[in-house]
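# next comes the sequence, and after it the predicted model I'd like to discuss.
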Amino acid sequence: MAYLKIAFENFQSIKNQAERAMSQLSLDQLHYSPNKESNSIAIISKHMSGNLKSRFRDFLTADGEKPDRDRDGEFEGAFHSKEDLLNFWNEGWSVLFETLEKLTEGDLARTVYIRSEPHNAMQAIQRQIAHQASHSGQIVYLAKMLKNEEWETLSIPRGKSRQYNESMKLEDK
């Protein structure tokens, strides 16, 4: 179960990072788009959730691109509240985590399809880790840009790496 545990932890980390960035923003900021070709954090979140629902619902038995998915619709519209956005966001993550919890190591070699293209289940999971991580990075970047000096860092603060590394050495002793 080592791979599935690592995959679960990777997805959880991706989700947490995006949520920590989103928590710093207002609803208006979540809907901000730098230009007409760019997506807002709200739209990126909507797409991430839609993608997870499609890919992981009936993961082992149905194509990952579900016929009822409206991918184009994921890039339109707005949320009326931050709560609505987070509820929609969590729907996709719930489908993912419920599916991962049910998988066995033996399932990882099984063939699954995404848009009729065969992958083994492990490849499909890895594909989604990369996809979700790239969009989480977009969310963090936009949030940092919007918050500017008010940004609360999600990792080691700028200029504090040496101090952090020294504190980690002290903890190891």
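Here it is on my side, so go on. Residues are numbered from 1 along each chain as shown.
# from here on, contacts and neighbour counts on C-alpha atoms
OK.
# if you average pLDDT per helix and strand, which one of the protein comes out bottom?
helix 161-172 (a mean of 79; mean pLDDT, DSSP states H and E).
# need the residues that contact that helix.
residue 156 (CA atoms under 8 Å, 6 or more residues apart in numbering).
# redo that, cut-off 7 Å
By CA atoms under 7 Å, 6 or more residues apart in numbering, no surrounding residue is in contact with helix 161-172.
# buried ones in it?
Using 16 or more other CA atoms under 10 Å as the burial criterion, none of the residues of helix 161-172 qualify.
# now swap in stretch 26-36 and tell me
27, 29-32.
# same question for stretch 10-17.
Buried residues in stretch 10-17 (16+ other CA under 10 Å): 10-11, 14-15, 17.
# cool, stretch 108-126 as well?
For stretch 108-126, by 16+ other CA under 10 Å, it's 108, 111-114, 119, 121-122, 124-125.
# off-centre distance for it?
19 Å (CA atoms, centre = their mean, to the nearest Å).
# what separates the least confident helix or strand of the chain from the chain centre, distance-wise?
Distance, centroid of helix 161-172 to centroid of chain: 29 Å (CA atoms, centre = their mean).
# ok, back up a step: from the buried residues of stretch 26-36, which ones fall inside helices?
27, 29-30 (DSSP state H).
# dump these to JSON lines, plus pLDDT and distance to residue 70.
Output for those, formatted as JSON lines (pLDDT from 0 to 100; distance: CA to CA, whole Å):
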{"residue": "27", "pLDDT": "98", "distance to residue 70": "24"}
{"residue": "29", "pLDDT": "98", "distance to residue 70": "25"}
{"residue": "30", "pLDDT": "98", "distance to residue 70": "21"}
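# tell me the one among those residues nearest to residue 63.
residue 30 (31.4 Å; CA to CA).
# circling back: hmm, which two among the buried residues of stretch 108-126 are most spread apart?
108 and 114 (15.0 Å).
# how near is residue 159 to residue 144?
Residue 159 sits at a distance of 17 Å from residue 144 (criterion: CA to CA, to the nearest Å).
# which of these two has more neighbours?
residue 144 (19 against 8; other CA atoms under 10 Å).
# give the closest residue to that one in space, chain neighbours not counted.
Leaving aside its sequence neighbours, residue 144 sits nearest to residue 151 (CA to CA, 6 or more residues apart in numbering; 5.8 Å).
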